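Trainee: Here's a sequence, model it:
(one chain, ligands or ions: 2)
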Amino acid sequence: MKLDVQGLTVTFRIPGGVVRAVSEVSFQVRPGSCLALVGESGCGKSVLAHALLGLLPGNASVSGSAVLDGELDLVSAPPPVMARRVRGRRVGLIPQSPATHLTPVRTARAQLEEALRELGSTCDASSLAERFGLRPGDLDRYPHELSGGMAQRVANAIALAGDPGLLVADEPTSGLDRPLVERTMDELRSLCDEGRAVLLITHDLRAAERIADEFAIMYASRVVEIGSLEAPRHPYARGLVDAQPDRAFVPIPGTPPELTRLPSGCAFEPRCASAVPACSAVPAFDNGVACHVAS
Ligand SMILES: Nc1ncnc2c1ncn2[C@@H]1O[C@H](COP(=O)(O)OP(=O)(O)OP(=O)(O)O)[C@@H](O)[C@H]1O
Ligand code: NI
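Mentor: Ligands and ions are numbered 1, 2, ... in the order given. Predicted coordinates:
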């Protein structure tokens with residue numbers, strides 16, 4: 001399944017103001033490929049994921065488009081269409097912190113079986129769970145009896161119960177130890193290799209490098225670069241790479257702006273060592289990067 005996002009913008013009305021969580025974001029995810037969306041906490045990644053699934057709260061306004069296979073716009077599709085025909089069937093979400101997403105009072109099996117029933121799937125919960133590395137007995141546990149890794153596997157099985165062609169994985173490895181991170185990434189890669197499109201949201205560049213075909217770097221609601229991380233061009237993308245423990249391990253000085261008070265120019269300008277006067281205007285996204293000084 002192919003996803004084509006164009007000019008996606010999400011704002012929230014809050015008392016006394018507006019939060020601009022996603023601004024004019026455009027990207028594509030092709031079948032059989034994985035795009036990793038990375039950026040600091042609070043830059044708008046999960047809001048973008050929820051916009052693709054029609055899961056935004058009532059105080060949100062969305063514009064732009066997110067077209068699946070050239071025919072279904074996830075932004076303008078009516079809520080009943082999203083609920084009955086899209087979520088779980090065409091687009092699957094692996095939620096951020098799956099443990100808290102599961103209902104505490106019901107076993108993993110009951111929740112997986114409910115997902116299968118809602119999808120009208122004849123697939124058996126135990127065999128689906130086994131595919132994701134769970135033993136049948138694991139399914140009879142309640143969420144608090146599951147380790148982080150097991151809860152993750154249950155969430156993966158639920159997200160894939162309806163065999164969606166597009167998978168949105170929001171921090172699927174947070175809280176997992178390194179071997180489990182690598183296993184989860186390898187599982188996502190094989191889902192991709194079977195022809196699915198995967199949008200992977202993560203803080204973990206090292207894990208993402210294992211499976212991503214391309215990276216989209218998000219800063220303060222905008223995607224500022226799309227490409228490989230081998231030779232990042234945007235100063236923020238370079239800073240993000242240099243902040244990694246296995247690289248220079250130097251954090252980017254300063255903090256991101258508040259999304260209620262975004263600067264009128266490039267949002268990274270106040271933290272950017274390469275800034276020039278032109279940066280007081282928002283740079284256009286051109287040829288893979290949105291920066292006045294990027295080479
Ligand atoms: N319902 C809402 N009303 C108002 N603001 C919201 C709402 N939901 C999210 N936000 C704001 O949108 C911004 C982006 O949040 P989001 O959860 O997308 O960040 P993120 O990039 O996923 O961060 P993290 O890496 O920590 O998960 C935050 O400033 C958040 O407070
Ligand atoms: Ni998030």
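Trainee: Next, the distance between the ends of stretch 35-54.
Mentor: The first and final residues of stretch 35-54 sit 20 Å from each other (Cα to Cα, to the nearest Å).
Trainee: Also stretch 67-76?
Mentor: 10 Å.
Trainee: What mean pLDDT does it get?
Mentor: In this model, stretch 67-76 carries a mean pLDDT of 97.
Trainee: Quick check: pLDDT value at the closest residue to residue 268 other than its chain neighbours.
Mentor: Excluding its sequence neighbours, the residue lying closest to residue 268 (Cβ to Cβ, 6 or more residues apart in numbering) is residue 236, at 4.8 Å. C-beta coordinates here come from the backbone N, C-alpha and C atoms, glycine included. On the pLDDT scale, residue 236 is placed at 97.
Trainee: Next: residue 172.
Mentor: For residue 172, pLDDT reads 88.
Trainee: again, but for residue 176
Mentor: 78.
Trainee: excluding its backbone neighbours, what's nearest whichever residue of the stretch 51-200 of the chain sits closest to ligand 1?
Mentor: Here the stretch 51-200 of the chain gets closest to ligand 1 at one residue, residue 57, 4.4 Å apart by Cβ to the nearest ligand atom. Nearest non-adjacent residue to residue 57, counting by Cβ to Cβ, 6+ apart: residue 12, 7.7 Å away.
Trainee: what's the distance between that neighbour and residue 230?
Mentor: In this view, residue 12 and residue 230 are 36 Å apart by Cβ to Cβ, to the nearest Å.
Trainee: can you check residue 279 too?
Mentor: Residue 279 is 25 Å from residue 230, by Cβ to Cβ.
Trainee: Where do the strands of the stretch 101-250 of the chain begin and end?
Mentor: For the stretch 101-250 of the chain, the strands defined by DSSP state E, counting those that start in this stretch cover 166-170, 197-202, 214-219, 222-227.
Trainee: so can I have TSV of those showing distance to residue 48 and mean neighbour count?
Mentor: Shown next, in TSV, are the strands of the stretch 101-250 of the chain (distance: least, Cβ to Cβ, whole Å; neighbours: other Cβ atoms under 10 Å):
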stretch	distance to residue 48	mean neighbour count
strand 166-170	9	25
strand 197-202	8	25
strand 214-219	8	24
strand 222-227	9	23
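Trainee: what's the closest of those to residue 8?
Mentor: Nearest to residue 8 among the strands of the stretch 101-250 of the chain is strand 222-227 (9.4 Å), distances taken as Cβ to Cβ.
Trainee: count of residues packed around the closest residue to residue 101 other than its chain neighbours?
Mentor: Distances taken as Cβ to Cβ, 6+ apart put residue 95 closest to residue 101, at 4.5 Å, once the chain neighbours are dropped. Counted with other Cβ atoms under 10 Å, residues neighbouring residue 95 total 22.
Trainee: Enumerate every residue touching residue 95.
Mentor: By Cβ atoms under 8 Å, 6 or more residues apart in numbering, the contact list for residue 95 reads 101, 155, 170.
Trainee: For the last one, give the beta-bridge partners.
Mentor: What it means is residue 170. Beta-bridge pairing of residue 170 under DSSP bridges involves residue 201.
Trainee: and the residue most central in space within the chain, what is it in contact with?
Mentor: The centroid of the chain falls nearest to residue 201 when counting by Cα atoms, centre = their mean (3.2 Å). Taking Cβ under 8 Å, 6+ apart, we find residue 201 in contact with 36, 37, 38, 45, 46, 48, 49, 96, 168, 169, 170, 171.
Trainee: before we move on, what about residue 247?
Mentor: residue 241.
Trainee: what's the answer for residue 181, then?
Mentor: 173, 204, 207.
Trainee: go again using 6 Å as the cut-off
Mentor: By Cβ atoms under 6 Å, 6 or more residues apart in numbering, the contact set of residue 181 is 173, 207.
Trainee: Give me the distance between it and residue 54.
Mentor: As judged by Cβ to Cβ, residue 181 and residue 54 stand 29 Å apart.
Trainee: what are the ranges of the helices in this structure?
Mentor: Secondary structure of the chain (DSSP state H): helices at 45-52, 79-81, 98-101, 108-118, 125-131, 148-160, 178-193, 205-211, 235-242.
Trainee: Perfect, that will be all.
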